[in-house]
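[1] Quick one, what's the 3D model for this:
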Amino acid sequence: MEKYISLLRGINVSGKNSIKMVDLQKRYEALGFENVVTYIQSGNVVFESKEKESQILTTKIKESIAQNFGFNVPVLIREKHGMQNIIKNNPFENRDTSKIYVTLFSEPVPEFIEEEILKVKDDAEEYFISDSEIFLFCGNGYGRTKLSNNFLEKKSKITATTRNWKTLNKLLEIASMSD
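    Sure, this is the predicted structure:
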């Protein structure tokens, strides 16, 4: 069994696309996933599956949500070891972790995104682009940055979702239980 972390974008935001986490957990279990654990209300789910292709898992989850909850949401999946690499490769490890965010993309980040970032980032912000993630250090807080998930997704034309450092670490911790 592989351990996976799925990140749903755009659920339970301002009363839109509401899904109770207990109902989401039941959906995942109905798909045959095991040891399903949700974390906070924003659609973070850790689970195990025999399936080795994350794209197949993504499709199953998206279709199940659409059929059972009546709306479409982007779903991104990282294997446990992929999340370990994100945590291990934090370029801002000696910084205030409350100001670190990671935007995770569904495919590799295009090279041209850096020039878009440079057009809007302020002096209190730093970034690091890896294969399928952009690490952000938002010195003035994420609420004030122009490097929002919507901006990065729109400019890259790739599905993305952003999580804070605390959430990513907690998801890895959950995925590492019972190892």
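[2] Which residue ranges make up the domains of this structure?
    Listed by automatic domain parsing, the domain ranges of the chain are 2-82, 85-175.
[3] Determine which of the ones you listed shows the lowest mean per-residue pLDDT.
    Among the domains of the chain, domain 2-82 carries the lowest mean pLDDT, a mean of 91.
[4] Determine how far that domain lies from the middle of the whole chain.
    11 Å (Cα atoms, centre = their mean, to the nearest Å).
[5] end to end, how far does that domain reach?
    Criterion Cα to Cα, to the nearest Å; first-to-last residue distance in domain 2-82 is 12 Å.
[6] likewise stretch 143-150?
    End-to-end distance (Cα to Cα), stretch 143-150: 12 Å.
[7] any residues touching that stretch, and which ones?
    By Cβ atoms under 8 Å, 6 or more residues apart in numbering, the residues outside stretch 143-150 that reach it are 9, 103, 117, 120-122, 125, 127, 134, 136, 138, 142, 160-162. Heads up, the C-betas are built off the backbone N, CA and C, glycines and all.
[8] which of the residues you listed count as buried?
    Listed as buried from the contacts of stretch 143-150 are 9, 103, 117, 121, 125, 127, 134, 136, 138, 142, 160-162; burial here means 16 or more other Cβ atoms under 10 Å.
[9] Sitting in strands, which of the contacts of stretch 143-150 do you find?
    Applying DSSP state E to these, the entries found in strands are 103, 125, 127, 134, 136, 138, 160-162.
[10] Dump these to a markdown table, plus distance to residue 46.
    Formatted as a markdown table, the ones in strands among the contacts of stretch 143-150 follow (distance: Cβ to Cβ, whole Å):
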| residue | distance to residue 46 |
| --- | --- |
| 103 | 20 |
| 125 | 30 |
| 127 | 27 |
| 134 | 23 |
| 136 | 23 |
| 138 | 26 |
| 160 | 20 |
| 161 | 15 |
| 162 | 18 |
